[in-house]
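> Test case, fold it:
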Amino acid sequence: MQRSNSNRSGKKPTSNSKFNRESKPPRKTAAPKKAAPAPKSNPDEIRLNRYIANSGICSRRDADIYIRSGNVKVNGEVITEMGYKVKPGDIVNFDGTEVSPEKKEYYLINKPKNFTTSGDDSANSRNVLELLKGVSRAKLQPVGRMDKNTTGLLLLTNDSDIILKFSKPQPKATKIYQVSLDRNLKYEDLESIAKGITLEGHRVNVDEISYIENQPKTEIGIQLRTANVKVVRALFEALKYDVLKVDRVSFAGLTKKNLPRGFFRPLTEQEIINLKNI
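This is a model prediction of the structure:
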């Protein structure tokens, strides 16, 4: 019996490309097109939400909300565009207030002797900003003045509102000093200072004054609200005492805890909030 060459399945036999003379050569694929170069961004430009966040007013996310609401102007024009970039020289107003892109920074320093807050350095003193050299690029300023002989807590910041706020007497912003005298403070003189002393025609009232426990009566603790450190010395000098040392141990609720002489630390978020709420 002869074998049948027919395909019982009914399917056409698959041609083998090796022996298929009619097979076409493979098609050449086109070379991929080169993507157009992305436009170069100006490194001096900054996104509007970041500009606002860097000013310390709010977070980027909150800034986006204010921008969408039409509360932000650039050069007098309301900007609602997300991703808008601020150029050098642009004036940004946030909810009616001009803002600066510099992030607000706050440092507490335990100032050593022979450092001054003034710009006039002498051979025997150095500027207190030297102690933070290389730490920040912000234009820091001391909050209030402190002469080279006064030591202790000093706040440095670029927040102009805080500088202005604490450079004048604040009802809730107390400062505590430890004062060292050349001789024991008489009790009646302590009582006189507690009742208030007139200096150059102005009445100076203190919140509290006392001898420091377990120390000689030359060591005095005094709490008051004035921003002028010189007043502390003047109170005792008015009663004919020589002041050997003045050390600020507390400033508006901030203390020297874990902060050795000559060292500094940034304020915590909660401490910044507390200062702003005073």
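> tell me how far the ends of stretch 195-213 are from each other?
From its first residue to its last, stretch 195-213 covers 21 Å (Cα to Cα, to the nearest Å).
> and the end-to-end length of stretch 130-145?
Taking Cα to Cα, stretch 130-145 runs 16 Å from one end to the other.
> what does that stretch rub up against?
Here stretch 130-145 makes contact (Cβ atoms under 8 Å, 6 or more residues apart in numbering) with 102-103, 105, 107, 109, 111, 115, 117-118, 128-129, 154-158, 162-163, 166-167, 227-229, 262, 264. In this view, the C-beta of every residue, glycine as well, is placed from N, C-alpha and C.
> Repeat the analysis, applying 6 Å as the threshold.
With contact meaning Cβ atoms under 6 Å, 6 or more residues apart in numbering, stretch 130-145 is reached by 102, 105, 117, 154-156, 158, 163, 166-167, 227.
> Kindly report the same for stretch 167-175.
Counting by Cβ under 6 Å, 6+ apart, 144, 166, 223, 225-227, 248, 251-252, 278 sit against stretch 167-175.
> Sitting in strands, which of the residues you listed do you find?
Counting by DSSP state E, these place 223, 248, 251 in strands.
> can you put those in TSV and add pLDDT, neighbour count and distance to Val135?
Listed next are the ones in strands among the contacts of stretch 167-175 as TSV, based on pLDDT from 0 to 100; neighbours: other Cβ atoms under 10 Å; distance: Cβ to Cβ, whole Å:
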residue	pLDDT	neighbour count	distance to Val135
Gln223	96	15	31
Arg248	97	22	21
Phe251	95	22	20
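> List just the nearest of those residues to Gly83.
Phe251 (42.0 Å; Cβ to Cβ).
> Compute the distance between the closest one and Lys168, please.
Taking Cβ to Cβ, to the nearest Å as the measure, Phe251 and Lys168 are separated by 14 Å.
> ok, now Ser118?
18 Å.
> which residues of the stretch 1-150 of the chain fall in helices?
Under the criterion DSSP state H, counting those that start in this stretch, the stretch 1-150 of the chain contains helices at 48-54, 60-68.
> What distance do you get for Met266 to Arg137?
In this structure residue 266 is Pro, not Met. Taken as Cβ to Cβ, the span from Pro266 to Arg137 is 14 Å.
> what about the residue nearest to Val128 when sequence neighbours are not counted, how many neighbours?
Spatially, and ignoring its direct neighbours in sequence, Val128 is nearest to Phe115 (4.5 Å; Cβ to Cβ, 6 or more residues apart in numbering). Close neighbours of Phe115, defined as other Cβ atoms under 10 Å, add up to 22.
> For Phe115, give me the pLDDT.
On pLDDT, Phe115 comes in at 93.
> try the one 3 residues further on
Model confidence at Ser118, given as pLDDT, is 79.
> what about it, distance to Asn127?
Ser118 sits 8 Å away from Asn127, going by Cβ to Cβ.
> before we move on, back to that, for Ile209, state which of the ones in strands among the contacts of stretch 167-175 is nearest.
For the ones in strands among the contacts of stretch 167-175, the residue nearest Ile209 by Cβ to Cβ is Gln223; the value is 7.4 Å.
> doesn't Glu208 make contact with that closest one?
Yes. Here Gln223 lies in contact with Glu208, judged by Cβ atoms under 6 Å, at a distance of 4.4 Å.
> just the contacts of stretch 167-175 now: which is nearest Asp62?
Nearest to Asp62 among these, with distances taken as Cβ to Cβ, is Ile278, at 23.6 Å.
> if I look at that closest one, how far off is Leu254?
Per Cβ to Cβ, Ile278 is found 11 Å from Leu254.
> Alright, that wraps it up for me.
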